[in-house]
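*Asks:* Here is the input, now give the coordinates:
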Amino acid sequence: MRHLPPSRISRLGTLFPALLLACVLSACKGLDYVSTRPLDDAGFSYSAVQQLVALDINNAEVPELVKAKYGDVSEQACIELVRATRSRKQRFASGAAVADMHAAGVGDSAIIELAKLGLIGSWSGEAQAIRLIGIPDRTLLVVARRHAEGKPTLSGNALGRLKNAGVGEATLYELAVRGVSDADVDKIITARRRRGVTDADILRAYPPQ
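*Replies:* Predicted coordinates for the structure are as follows:
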């Protein structure tokens with residue numbers, strides 16, 4: 001068996017710590033330090049911050065969460081929004097959209113449901129429009145689920161037209177559940193204005209599917 005000379009062994013002993021340090025530093029280059037100080041400053045509790053850290057938030061998500069929190073979205077809702085995006089293999093990047101929806105009257109639970117449906121961002125403007133005309137979250141979510149599933153449904157504009165024609169909220173909800181779409185709106189409004197049909201008449205014309 002070949003033996004290394006003492007000088008070679010000594011040199012290897014000197015190089016080993018340096019090589020080990022170089023490997024550690026190289027590995028650490030891929031790890032980004034995430035500062036949670038902005039979350040503290042925005043009013044997140046220690047417990048909430050720890051839950052967010054456990055969800056592996058990154059530096060890009062921190063300011064988005066701050067935007068949501070400053071938009072009066074609850075810290076628990078913020079945590080659930082991150083969980084929802086994780087379930088879709090994504091990062092939370094819609095703090096401003098979430099804050100805008102909350103300002104329009106969309107509740108935290110509805111916002112979370114929209115996130116689970118993957119509609120935050122792509123459909124948040126429509127959600128705001130629906131709430132701003134006074135349509136409640138329960139109807140909003142029916143419309144959102146049908147939209148996410150690619151099924152016929154009512155747009156915010158159509159809901160507004162029906163409401164202005166005197167159709168009640170409970171009836172609007174039922175029409176959404178029953179799959180009435182924008183294509184039916186002109187017919188309903190015409191019947192309402194010319195023949196004075198009631199909400200009950202409208203629902204009879206569009207029975208549950």
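*Asks:* which ones are touching Pro63?
*Replies:* Contact partners of Pro63, counting by C-beta atoms under 8 Å, 6 or more residues apart in numbering, are Pro38, Gly95. (Glycine included, C-beta is placed from N, CA and C.)
*Asks:* Let me know the helix or strand that it is in.
*Replies:* helix 61-70 (DSSP states H and E).
*Asks:* Show me the contact partners of stretch 38-49.
*Replies:* Thr36, Leu52, Val62, Pro63, Leu65, Val66, Lys69, Tyr70, Glu75, Gln76, Cys78, Ile79.
*Asks:* Kindly give a single PyMOL line that selects the buried subset of these.
*Replies:* What follows is the PyMOL syntax selecting those of the contacts of stretch 38-49 that are buried according to 16 or more other C-beta atoms under 10 Å:
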select buried, resi 36+52+62+65+66+69+75+78+79
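*Asks:* Just flag the most distant two among the contacts of stretch 38-49.
*Replies:* Farthest apart among the contacts of stretch 38-49 by C-beta to C-beta are Pro63 and Gln76. That separation is 19.4 Å.
*Asks:* surely Ala93 meets Glu64?
*Replies:* Yes - between Ala93 and Glu64 there is a contact under C-beta atoms under 8 Å: 5.7 Å.
*Asks:* In terms of neighbours, single out the busier of those two.
*Replies:* Using other C-beta atoms under 10 Å, the more surrounded residue of Ala93 and Glu64 is Glu64, with 23 against 14.
*Asks:* Cross-check the contact I'm expecting between that one and Ala97.
*Replies:* No - using C-beta under 8 Å as the test, Glu64 is too far from Ala97 to be in contact (9.5 Å).
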